[in-house]
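> Coordinates only, no sequence provided:
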């Protein structure tokens, strides 16, 4: 019996057919057997259409949304996010050193330049970093400074600050931080730009967009909730691997069918598919280790804070006890003095 996705994409193979090809190639079979059982299961579910492909991950995202080969897709996605039509001119090297080697927690990171000279950094985070505002501001400033240095070097004496264009920082969180969740369980996209409180128009160049995919998923998976906008279509496509949600998207906009066909054609190239999946597992392992270190660090900080609080409380109680003891001694001496004077 065909699963839901096989109905739309006949090229999807059965579990038996995938395993037969793997067993027939020693290199591929050794790679497959080297994975943990849960990853073996995940790989088989992707290849057989039991689940959709996780497009948030770097290799899959760039295979389908590559601005060099499929610029219209990323152009459309970023245009919906920014609320205006943009055209990618080129991908820039991401040469900046990440603060505190934090890149290991990024699922995907890409810097692109638009035709008007403005720059957008697009990144997807597995887990939202602490202090997302401060971090994003620092990285945005770094990109702005890189642009300034590059243009100043290119133009020399002809340089003016008018040549400096906007820098957009676009962050998609697979799991958003507490700041976003505590603010709202219904608002999943936040846009920020600098403005004067007087209303005077001044171009301060830096804009930020934060998209909470976990909050979006909770909303969109409601059976009565429809996919309403073009941006929501893209977010469903990029973040949802539930066949029911994929079917819902295909009914809303059949244009995505062609992109899914490309994905499942990739699955037919078993060697290439396994190589991509292996790279994602390596990234996942690094992310997991880094996340564990960060969580342990946070726990140690919290534990030290608790210990310091307890020590402060104990010191305060000791001070009170010492003060009370001294007062008792003072009163005793005063009583003895009064007795002597009777």
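Structure's in. What do you need? Computed from a prediction, not measured in an experiment: that's the story for all the values here.
> Identify the residues contacting the closest residue to residue 192 other than its chain neighbours.
Spatially, and ignoring its direct neighbours in sequence, residue 192 is nearest to residue 208 (4.4 Å; C-beta to C-beta, 6 or more residues apart in numbering). Where you see a C-beta, it was placed from the backbone N, CA and C, and this is true even at glycine. Counting by C-beta atoms under 8 Å, 6 or more residues apart in numbering, residue 208 touches 136-137, 140, 168-171, 191-193.
> Just want the most central residue of the chain.
Taking C-alpha atoms, centre = their mean, the centroid of the chain lies closest to residue 125, which sits 1.8 Å from it.
> Assign that one to helix, strand or coil.
The three-state label given to residue 125 by DSSP: H, G, I helix; E, B strand; the rest coil is strand.
> and the nearest residue to residue 15 once chain neighbours are set aside, what does it touch?
If the residues on either side of it in the chain are set aside, residue 15 comes closest to residue 48, at 5.0 Å by C-beta to C-beta, 6+ apart. Residues in contact with residue 48, defined by C-beta under 8 Å, 6+ apart, are 3, 12-15, 18.
> rerun at 10 Å
3, 5-6, 12-19, 267 (C-beta atoms under 10 Å, 6 or more residues apart in numbering).
> which one of these sits closest to residue 63?
For those, the residue nearest residue 63 by C-beta to C-beta is residue 267; the value is 11.3 Å.
> my read: residue 42 touches residue 52, true?
No: look at residue 42 against residue 52 with C-beta atoms under 10 Å: they stay out of range, at 11.5 Å.
> got any residues that touch both of those two?
residue 241.
> if I look at residue 22, how far off is residue 41?
13 Å (C-beta to C-beta, to the nearest Å).
> These two: which has the busier surroundings?
residue 22 (22 against 13; other C-beta atoms under 10 Å).
> Buried residues of stretch 306-319, list them for me.
Residues of stretch 306-319 classed as buried by neighbour count (16 or more other C-beta atoms under 10 Å): none.
> Pull the distance from it to the chain's centre.
Offset of stretch 306-319 from its chain centre (C-alpha atoms, centre = their mean, to the nearest Å): 40 Å.
> same question, stretch 154-170
Relative to the centre of its chain, stretch 154-170 is centred 28 Å away, using C-alpha atoms, centre = their mean.
> Between the two ends of it, how far is it?
27 Å (C-alpha to C-alpha, to the nearest Å).
> Report the rounded mean pLDDT for that stretch.
Throughout stretch 154-170, pLDDT has a mean value of 94.
> can you check stretch 17-28 too?
92.
> Check stretch 80-97 too.
For stretch 80-97, the per-residue pLDDT averages 83.
> How many residues are close by residue 329?
Residue 329, neighbours per other C-beta under 10 Å, totals 10.
> Now do the phi/psi pair for it.
Dihedral angles of residue 329 (phi, psi; degrees, to the nearest 10) stand at phi -60, psi -40.
> quick one: pLDDT of it?
For residue 329, the predicted pLDDT is 80.
> that older thread, which of the contacts of residue 208 fall within strands?
Judged by DSSP state E, the contacts of residue 208 include 168-171, 191-193 as members of strands.
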